[in-house]
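In: please work out how this folds:
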Amino acid sequence: MGLKEQITEDMKAAMRAKETAKLGTIRLITAAIKQKEVDERIELGDTHVLAIIEKMIKQRKDSISQFEAGGRQDLADIEKAELVILANYMPAGLTDAEIQAEVAAAVAASGAAGPQDMGKVMAILKPKLAGRADMTAVSALVKVALTKA
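Out: Presented below is the predicted three-dimensional model:
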């Protein structure tokens, strides 16, 4: 079963169980997927759906920090609940050691000599780690690895 089908089944289950918060979040996911499919006139696969969910997670994290800075804990709590639901659709994350190993392998494979080769390394890592690691953190690790090189 693909990720889109899983999301649809979860939406049906949330409707039956009358879980309004979960249902609302899943509807946001399906709306984002449908919008992307209509805009680009394509059928999205799991990788594209993961990218959409990853973007939604990033938006929730930004919103949480903004709401907490503004003293709106009630809105931050809603965003945190949505974040938990969204995170359920992401594949298992990699450990720091696994990410470090991937970065080292990508640096070696690309033959990167310094920070100017960061694009080459990230081009190798992005398909492997997308959805499984925070790409901002991966980028920072690559920068550190290339500075040492």
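In: chain neighbours aside, what residue packs nearest to the most centrally placed residue in the chain?
Out: The centre of the chain sits closest to residue 54, judged by C-alpha atoms, centre = their mean, with a distance of 2.3 Å. Leaving aside its chain neighbours, residue 54 sits nearest to residue 131 (5.6 Å; criterion: C-beta to C-beta, 6 or more residues apart in numbering). (Glycine included, C-beta is placed from N, CA and C.)
In: so how far is residue 47 from that neighbour?
Out: According to C-beta to C-beta, to the nearest Å, residue 131 stands 8 Å off from residue 47.
In: those two: who's more crowded?
Out: The residue with more neighbours, out of residue 131 and residue 47, is residue 131; 18 against 11, by other C-beta atoms under 10 Å.
In: surely that one meets residue 55?
Out: No. Using C-beta atoms under 8 Å, residue 131 is not in contact with residue 55, being 10.7 Å away.
In: got the phi/psi numbers for the residue nearest to residue 54?
Out: For residue 131, the backbone dihedrals (degrees, to the nearest 10) come out as phi 80, psi -10.
In: residue contacts, it?
Out: Residue 131 makes contact with 47, 50, 51, 53, 54, 90, 91 under the criterion C-beta atoms under 8 Å, 6 or more residues apart in numbering.
In: most surrounded residue in those?
Out: Neighbour counts for the contacts of residue 131, by other C-beta under 10 Å, peak at residue 53, which reaches 21 neighbours.
In: could I get the full set of helices for the protein?
Out: Taking DSSP state H to define them, one finds helices in the chain at 3-17, 20-40, 46-69, 73-87, 96-110, 118-129, 135-148.
In: mean pLDDT added to those helices, as JSON lines?
Out: Below are the helices of the chain laid out as JSON lines (pLDDT from 0 to 100):
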{"stretch": "helix 3-17", "mean pLDDT": "95"}
{"stretch": "helix 20-40", "mean pLDDT": "95"}
{"stretch": "helix 46-69", "mean pLDDT": "92"}
{"stretch": "helix 73-87", "mean pLDDT": "94"}
{"stretch": "helix 96-110", "mean pLDDT": "84"}
{"stretch": "helix 118-129", "mean pLDDT": "84"}
{"stretch": "helix 135-148", "mean pLDDT": "83"}
